[in-house]
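Visitor: based on what follows, work out the 3D shape:
(4 chains)
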Number of protein chains: 2
Amino acid sequence: MLTDRQSAILGMVVDEYVETAEPVSSRALVDRHRLEISSATIRNEMARLEREGYITHPYTSAGRIPSDLGYRFYVEALMSEAPVALDERRTVEHQLHQVAGGLDEWLSLTATILSSLVGNVAVVTRPRTSTARLRHAQLVELSRDTALLVSVMDDGRVRQRILQQRQPVTQDQLNARATRLNGLLAGADAANVRDRLVGLEDPDEVATARAVAESIEELRIAEETFLDGLNMALRQPEFSDVDRMLEAVTQLQAYRLRGLLESTVDDHMGSTRVIIGQENPDTGLQDWSVVVSRYGDTDAAGVVAVIGPTRMAYQRTIPRVRYIASLMGQILRDVGQ
Amino acid sequence: MLTDRQSAILGMVVDEYVETAEPVSSRALVDRHRLEISSATIRNEMARLEREGYITHPYTSAGRIPSDLGYRFYVEALMSEAPVALDERRTVEHQLHQVAGGLDEWLSLTATILSSLVGNVAVVTRPRTSTARLRHAQLVELSRDTALLVSVMDDGRVRQRILQQRQPVTQDQLNARATRLNGLLAGADAANVRDRLVGLEDPDEVATARAVAESIEELRIAEETFLDGLNMALRQPEFSDVDRMLEAVTQLQAYRLRGLLESTVDDHMGSTRVIIGQENPDTGLQDWSVVVSRYGDTDAAGVVAVIGPTRMAYQRTIPRVRYIASLMGQILRDVGQ
DNA sequence: TTTAGCACTCTCATGGCGAGAGTGCTAACG
DNA sequence: CGTTAGCACTCTCGCCATGAGAGTGCTAAA
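Guide: Residues are numbered from 1 along each chain as shown, chains lettered A, B, ... in the order given. So this is what the prediction gives:
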C-alpha cells in the first residue's frame, strides 16, 4: 500500500515523464513543484516505489520512469481527467456534422479528428449489430450472363458480389428471383441462413442464395477499421530511432483491433477501458497502450480507440476517447434507427 | 549524345547503385565487371557524364550516383526488363484467384501482393467507368422516418446513404418511389442527372432524387485507393534517418494518386508510365518515383502503381506492374461484363 | 586516347576525455 | 525515527582529435 506522499510522488513522476519524455530526477521534482522536502527524501521514497514496482530507471544514475504498474495506478487512482474544453467540442462537432458523404467518410473523418485531438493513432470500427440480419437482397443485370448481387443488412451495411450465371437472364427474371429470395431469407442471420436454403431447385438460384448466405457470414466476421494519425504517433520521442519507428509502422499497419470489440462487449456504454503495455495480450504491442471505448447502442455498436506509447497523456486521452464515443453514438441515434 | 561506352558506364552505375545504395566508384566498376579499361578512363568518362547531367556525386570524393536524368535515360534506352518468372506468376495467380470476398478485398490483396513483389509501396484504385451511369437505385426502410438509399452504378460500384423522411413511409411506398426514380434516372451520369429532376413534386421524393444525383457525382470524383507495403519501402536505406522516414510516412499516408488516372487516360492499355523524381508535379514527392499502369478496358479502368525512392529496381518493377495490371484486366474481364 | 601515379579532399569510425546529471549511502540532526 | 546534507560513485553524452580509407582530379608519360 502506498502512503499519501508516495502516491503524490508517483503522480508527479508520471505527469513529468509524460510531458518531457525524459527520466525524472528527484531534484527536478523539488524544483518544479517547490516541495518543502529535500531531494534526498524524494530519493528514499523513489527507492521504495521502485522496490514495489511502480517505477524503474533505465540505468544506474538516470532519473525514474513509470512502469506499467505505475501507469495503471496512476490511471486508476491518481489521475484527474482533463475535461474537453468547450471550443474543442465545438470544433469537433462542427466538423463531424458537416460531412457530406456516406458512413465510411464519416468514420474515416472521425479517426482523423480524434487522432489530431490526442496526437496519437486513432482507430474506429464500423458499427455492427451483434447478429446482422438480412434486410434485403437485390440483383442487377451486368451483362447477359453476369449479375451483381447487393445484400443489405438491417444495420445498413452492404455487400456486393458479382455472380456468373449458367443461363442468360433478364433484369425481370432477376427481380423475380430477388423477390423469391427475399421472402425466403429476409431476417436471416449468419446462424440460421443455411437452414432456410432447402427446397431451392434452379442451380443459379441456389448459387445466388448461397452467395447471400456467404455475404451475411462475411459481414459478421469483417471488422473494418479506419485508422489515422500514424505520423502523429511517430513524432513521439520514443521513435527517434529508426528501428523502433520501423517496428512501430509495421505493428500499427497490421493492427486490426482483433477481438477488441468482443473483449469489450461486457463493458457498459460510456465506460472507457485502458490497456497498458504488458497487459495487452498481443505481443509486439506491449510497449503500447490502448484506450478504447464502445459507441452506439445494443442494436449497432462499434469501437473507437487510441493507440500510443505507454507514455501517453491518459489525462487528456481518456476523456477525449469517451467524448468521441458518446458523440458518435448520439449522431448515430439522431440519424439512424 | 552519349557514346556507346558512356551509355554502358551509365548503365553499370545505375545497376550498381540500385543494388547497393552506395555511391559507385570507378574502381568498383572495373572490379565488378572485369573491364579491360582502367579506372582512370572510367573517371574521365564519369566526369563527362556528370557534366552532361546524368550523374552526380554527393561530395568531392565519393562515388557517383545517377541523377533523375540518368535514371530516365536508363529506363528509356539502357534497361532490359527482368521477366516475371513462371513460379512468380503461378504464386501470384494462385493467390489472386482464390480470394473469396468482394471487390474491395480483391483490390486490397492485389496491393499487398504487388508490394511484396517489388518491395515498395503499391497502390491500386478501384476500377471505374469514365462516366459512371446509374444502373439502379433502391430504397430500404430503416425505421419509420429514415430510409437507406443504395445507388448502384453500371460499373458495379455502390453508394449508400441514410435519408431522413418528413413523412413516415412504408417499404411499399419506398419501392414505388424507387421504381419511379429508376424510370427517371436510369442511365443518367453526373453530367445530365440534374436535368432529369424537373417535374418532381413530393419534397421527400425530390430529396431522394437529389441524393441519388449526389451519389453519382461523389462516385465520379471518388478515387478510392488501396495502399500497402509502407513498411517494405521504409526498409530502404534512404530512410535510415528518422526525419526522412517520418517525412516518407506522412507523404505516403496522404498520397491519394490524385489525378494519376486522368493523366494516364491517353495511355494505351499495357503501356506503363514511369515518373521519376522531379518529373512529378507533386512537390514533396520529388525524391520518389512512380511506376503506373492502367488496367481494365474502356468500360471500366483503374490504375495500379508502385511508389518508391528514385533508386528503384526499374528493371524488375516495370514488368511487374505491367504484369499485375494485365492480370487484373483479365480477371475483371473473365468475371465481369 | 589511355593510363599510371600522386596529391588532395572528404567521410567515417574510433577512442579518449571531461562535464554533467543523478543516485545511493552514510552520518548527523531534530 | 524520519529527514537531510554531503559526498563518492556511476553512467551518459557531446566533443574533439585523429587516422585510416576511399575516391577523385590532374598531370605527365606512353
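
Visitor: please make it C-alpha for all contacts and neighbour counts, starting now.
Guide: Will do.

Visitor: now the strands for chain A?
Guide: For chain A, the strands defined by DSSP state E occupy A:55-56, A:65-66, A:121-125, A:134-143, A:146-153, A:158-164, A:225-228, A:272-276, A:288-296, A:301-309.

Visitor: now those as JSON lines including mean neighbour count and distance to B:Leu197?
Guide: Output for these, formatted as JSON lines (neighbours: other C-alpha atoms under 10 Å in any protein chain shown; distance: least, C-alpha to C-alpha, whole Å):
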{"stretch": "strand A:55-56", "mean neighbour count": "22", "distance to B:Leu197": "68"}
{"stretch": "strand A:65-66", "mean neighbour count": "26", "distance to B:Leu197": "64"}
{"stretch": "strand A:121-125", "mean neighbour count": "27", "distance to B:Leu197": "36"}
{"stretch": "strand A:134-143", "mean neighbour count": "23", "distance to B:Leu197": "23"}
{"stretch": "strand A:146-153", "mean neighbour count": "24", "distance to B:Leu197": "26"}
{"stretch": "strand A:158-164", "mean neighbour count": "21", "distance to B:Leu197": "27"}
{"stretch": "strand A:225-228", "mean neighbour count": "23", "distance to B:Leu197": "35"}
{"stretch": "strand A:272-276", "mean neighbour count": "20", "distance to B:Leu197": "48"}
{"stretch": "strand A:288-296", "mean neighbour count": "25", "distance to B:Leu197": "36"}
{"stretch": "strand A:301-309", "mean neighbour count": "26", "distance to B:Leu197": "37"}
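
Visitor: which one, of the ones you listed, ends up nearest to B:Leu332?
Guide: Nearest of those to B:Leu332, taken as C-alpha to C-alpha: strand A:158-164 at 10.3 Å.

Visitor: kindly export the closest one (C-alpha atoms) in CSV.
Guide: What follows is strand A:158-164, C-alpha atoms only, in CSV (Å, rounded to 0.1, in the frame of the first residue of the first chain):
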residue,chain,number,x,y,z
VAL,A,158,-23.9,-3.5,-47.8
ARG,A,159,-22.0,-6.3,-49.5
GLN,A,160,-21.7,-6.6,-53.3
ARG,A,161,-20.7,-9.5,-55.3
ILE,A,162,-20.5,-10.5,-58.9
LEU,A,163,-22.2,-13.7,-59.9
GLN,A,164,-21.7,-15.8,-63.1
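
Visitor: on that earlier part again, can the strands of chain A go into a markdown table with extra columns for distance to chain B?
Guide: Below are the strands of chain A laid out as a markdown table (distance: least, C-alpha to the nearest C-alpha, whole Å):
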| stretch | distance to chain B |
| --- | --- |
| strand A:55-56 | 27 |
| strand A:65-66 | 24 |
| strand A:121-125 | 13 |
| strand A:134-143 | 5 |
| strand A:146-153 | 7 |
| strand A:158-164 | 6 |
| strand A:225-228 | 9 |
| strand A:272-276 | 25 |
| strand A:288-296 | 16 |
| strand A:301-309 | 16 |
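
Visitor: distance to B:Val14 added to those strands, as a markdown table?
Guide: Listed next are the strands of chain A as a markdown table, based on distance: least, C-alpha to C-alpha, whole Å:
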| stretch | distance to B:Val14 |
| --- | --- |
| strand A:55-56 | 51 |
| strand A:65-66 | 49 |
| strand A:121-125 | 39 |
| strand A:134-143 | 48 |
| strand A:146-153 | 48 |
| strand A:158-164 | 45 |
| strand A:225-228 | 37 |
| strand A:272-276 | 48 |
| strand A:288-296 | 41 |
| strand A:301-309 | 41 |
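
Visitor: residues from the stretch 101-250 of chain A in reach of chain B?
Guide: Within the stretch 101-250 of chain A, the residues that sit near chain B (C-alpha under 8 Å from any C-alpha of the partner chain) are A:101-103, A:135-136, A:140, A:142-143, A:146, A:148, A:154, A:156, A:158-164, A:218, A:230-231, A:234-235, A:240-242, A:245-246, A:249-250.

Visitor: lovely, talk soon.
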